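>>> Here is the input, now give the coordinates:
(one chain, ligands or ions: 1)
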Amino acid sequence: MSDTTTDTKKENMVMEHLVSLTYRERLTPNLNRFVDELLEGRLVGHKCPVCGRVYVPPKGYCPLDVVATGPENEVEVSDTGTLTGFTIVTPVAYYGQKETQPFVYATVLLDGADTPLGGQDITGIAHDQLRAGLRVKAIWLPKKDRKVEGISNRGFGGLGEVITSFEATGEPDAPRDVYKEHIF
Ligand SMILES: [Zn+2]
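Numbering: from 1, shown residues only. Okay, here's the model as predicted:
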């Protein structure tokens, strides 16, 4: 056996491993501010000085007008809103799945905001009663129990363990004009 053959065999050696990497990074200043307020029970965003759209959480810019926004553009929005769309997920058993019963994955447009929040749970109402236009209100955990570990710069990550779900307010449904731009 020549040396060349041995070297070729070595190059083709493959070892399979499962690896885990943990990234730690600081939240962006805008998201950090959002999280501070969230822990205090307030939802804040930035209002574009050109078009007036309110982004929640704040992006630090309006992508439509290409203008930067900052603390001077901060506004508080309501913790009530309108359900704009939803999916009812029937869990199947797989590794790591904690849900056993069908649950809701909903999008809520908060009053005063122009960007909807995805991935919200809607509780206290039968699933066959869910509909776009349903008026809902955030259910906040007690201040001492709030956690925001799940919120990251990468894809935001929802409202962490601060707002557990939204419940119907009992108000009449919002007119379609309120949410028609946000249905998906
Ligand atoms: Zn704008």
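
>>> Please tell me how far the longest strand anywhere in the chain is from the chain's geometric centre.
Secondary structure of the chain per DSSP state E: the longest strand is strand 80-89. Taking Cα atoms, centre = their mean, to the nearest Å, one finds strand 80-89 lying 13 Å from the centre of the chain it belongs to.

>>> Could you tell me the average pLDDT over that strand, please?
The predicted model assigns strand 80-89 a mean pLDDT of 95.

>>> Check stretch 107-121 too.
Mean pLDDT, stretch 107-121: 94.

>>> How about stretch 147-158?
80.

>>> For that stretch, what is the spacing between the initial and final residues?
Counting by Cα to Cα, to the nearest Å, the length from the leading to the trailing residue of stretch 147-158 is 12 Å.

>>> which outside residues touch that stretch?
For stretch 147-158, the surrounding residues in contact (Cβ atoms under 8 Å, 6 or more residues apart in numbering) are 25, 27-28, 31, 35, 38-39, 57, 117-120, 159-162. Bear in mind the C-beta positions are built from the backbone N, C-alpha and C, glycine included.

>>> Just flag the most distant two among these.
Pairwise distances across those (Cβ to Cβ) peak at 25.0 Å, for the pair 25 and 120.

>>> When the two are compared, which one has more neighbours?
Higher neighbour count among residue 25 and residue 120: residue 120, with 22 against 8, using other Cβ atoms under 10 Å.

>>> coming back round to it: are any of the contacts of stretch 147-158 buried, and if so which?
Burial of the contacts of stretch 147-158 was assessed by neighbour count (16 or more other Cβ atoms under 10 Å); the buried members are 31, 35, 38, 57, 117, 120, 159, 160, 162.
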